[in-house]
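**Q** structure here, sequence nowhere to be found:
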């Protein structure tokens, strides 16, 4: 295999960070917290065709999450590992992941919690990259599988039930 074209060079942050990409109908979507809330869209030839941007309100990383991170990093530093430059952020990255529905709308999963436990706010953009709304969805995230799939007006993704087991969540979409 031979490299054809390098689209991006993303830095891996020192500490928790987010970069995410996906392909959909000949387009390549790439987002990184290095660019804040900005997702670049390339065509199949690797040409940048558009950018999706949005102002966002930073979401604080809760103290109950920050404290164990800090302790773990301090232990690594004392063990003389390569944790010298690792930082615990005050805020979550602008987004965690995204997916595209079968009509070309982009759904960006933020760290903002929805009204129901387990739900997170997703910003929705039309196929032209214009912000059109927000929706709360309970879709579990895993780097081992695709975040969500959309087919025939339904969003499919995994969530966790009350017993802690994964379950398939299905949302019926309706646009007004």
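**A** Great, that's in hand. Predicted model only: the values in this text are computed from it and were never measured.
**Q** hmm, who's touching the helix or strand harbouring residue 51?
**A** In the assignment (DSSP states H and E), residue 51 maps to strand 48-53. Residues from elsewhere that reach strand 48-53 (CB atoms under 8 Å, 6 or more residues apart in numbering): 27, 37-43, 106, 108, 125, 128-129. C-betas here are computed from N, CA, C, even on glycine.
**Q** again, 7 Å this time
**A** Residues external to strand 48-53 that are found in contact with it (CB atoms under 7 Å, 6 or more residues apart in numbering): 37-43, 106, 125, 129.
**Q** burial measure for residue 167, as a count.
**A** Residues lying near residue 167 (other CB atoms under 10 Å) number 13.
**Q** quick one: the strands in this protein?
**A** Counting by DSSP state E, the chain has strands at residues 19-24, 27-32, 38-42, 48-53, 97-100, 106-113, 120-125, 131-137, 149-151, 154-160, 166-172.
**Q** out of those, nearest to residue 72?
**A** Using CB to CB as the measure, strand 106-113 is the one of the strands of the chain that comes nearest residue 72, at 20.2 Å.
**Q** show me the one of the strands of the chain that comes nearest residue 66.
**A** Taking CB to CB, strand 106-113 is the member of the strands of the chain nearest to residue 66, at 13.6 Å.
**Q** quick check, pLDDT for residue 50.
**A** In the predicted model, residue 50 carries a pLDDT score of 95.
**Q** which residues sit in contact with residue 133?
**A** When contacts are taken as CB under 7 Å, 6+ apart, residue 133 is in contact with residue 124.
**Q** would you mind measuring from it to residue 54?
**A** Separation of residue 133 from residue 54 (CB to CB, to the nearest Å): 12 Å.
**Q** just checking, which helix or strand of the chain averages the lowest pLDDT?
**A** Scoring the helices and strands of the chain by mean pLDDT, DSSP states H and E places helix 63-78 at the bottom, with a mean of 80.
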